[in-house]
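Trainee: The following block contains a protein sequence and its predicted model.
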Amino acid sequence: MYVDGVSIVGRGIAAKGPEGVVFANLDLEVSSGSLAVVAGPGGTGRTSLLLALSGRLPLITGYLDVSGHVLPAQAKAVRQLVRPARLRPGYELEEQHRVREAIRERHLISGASLRDIDAALSLVGLAPDRSALVGELHAADQLLLAIALTVASFPAGILVDDVDVGLPMASRAQVWAALHEVTRTGMTVLASATDAPSGDVEVIHLPAREPEELPTDVFDLLEEDTQ
């Protein structure tokens, strides 16, 4: 499994939601095949920035290039390159599905082969009970399952929101280690967390601000991702 990951360059970018600007005057660079972490307290615009970098939230100003595709004009192409594994709210695994049902559904919708899904599960170090409900899995295993199901279709990049939320330190380390393994395929990982992990990570810091609210059209774009 090898993927040509996305690279990203942003200069002076800004976006807004119903309550106003969620981030502004932001410069960033993300290397192909890197683990890039949007870090900051809850409500700083972490999710909005992930959405913007993947063509799912329009900018109000600034320049943003994702592997030669300039946003917002080429947002549709960018959405095909960068796929969400988890985005909150709006894009998470259905807890009432059994693991085998989640696997089968992703196989049918994304076209990922069952063999590739098995390989992706192995890549992130997960061997779940396939008869268990997704909601019965440990929170870290739920997240790893979502990551594996997204990786299996070989996108150029993946989005993983709120990596550290609700996880004890040992589980956080497990998930970060799995995301590092994903980058070894060449895939770019765009994640968000309160604090970035140590090691080989590209960190995008966001300042504290009021809690963000996402535009309603964002949820329409997330719905498109499941079709």
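Mentor: Looks like it came in fine.
Trainee: Can you give me the neighbour number for Val38?
Mentor: Val38 has 25 neighbouring residues, counting by other CB atoms under 10 Å. All C-beta spots, glycine's among them, are computed from the backbone N, C-alpha and C.
Trainee: now the helix or strand hosting Ile13, how far from the chain's geometric center?
Mentor: Taking DSSP states H and E as the criterion, Ile13 maps to strand 8-17. Averaging C-alpha positions (CA atoms, centre = their mean, to the nearest Å) puts strand 8-17 17 Å from its chain's average.
Trainee: now this structure, which segments are flagged as low pLDDT?
Mentor: In the prediction, the chain carries residues with pLDDT under 70 at positions 208-224, 226-227.
Trainee: who's Asp65 bridged to?
Mentor: Under DSSP bridges, the beta-bridge partners of Asp65 are Val9, Val70.
Trainee: show me the contacts for it.
Mentor: For Asp65, the contact set (CB atoms under 8 Å, 6 or more residues apart in numbering) comprises 8-10, 71.
Trainee: Can you tell me which of these has the most neighbours?
Mentor: For those, neighbours tallied by other CB under 10 Å; top is Ile8, 26 neighbours.
Trainee: give me the number of residues near the nearest residue to that one once chain neighbours are set aside?
Mentor: Leaving aside its sequence neighbours, Ile8 sits nearest to Val30 (CB to CB, 6 or more residues apart in numbering; 4.0 Å). Counted with other CB under 10 Å, the neighbours of Val30 add up to 22.
Trainee: Asp129 now?
Mentor: Counted with other CB under 10 Å, Asp129 comes out at 12.
Trainee: check contacts around it.
Mentor: For Asp129, counting by CB under 8 Å, 6+ apart, the contacting residues are Val99.
Trainee: where's it, which helix or strand?
Mentor: Judged by DSSP H and E, Asp129 forms part of no helix or strand.
Trainee: so who does the residue most central in space within the chain touch?
Mentor: Here the mean C-alpha position of the chain is nearest to the C-alpha of Leu159 (CA atoms, centre = their mean), at a distance of 1.0 Å. Contacts for Leu159 (CB under 8 Å, 6+ apart) come out as 50, 54, 82-87, 190-191.
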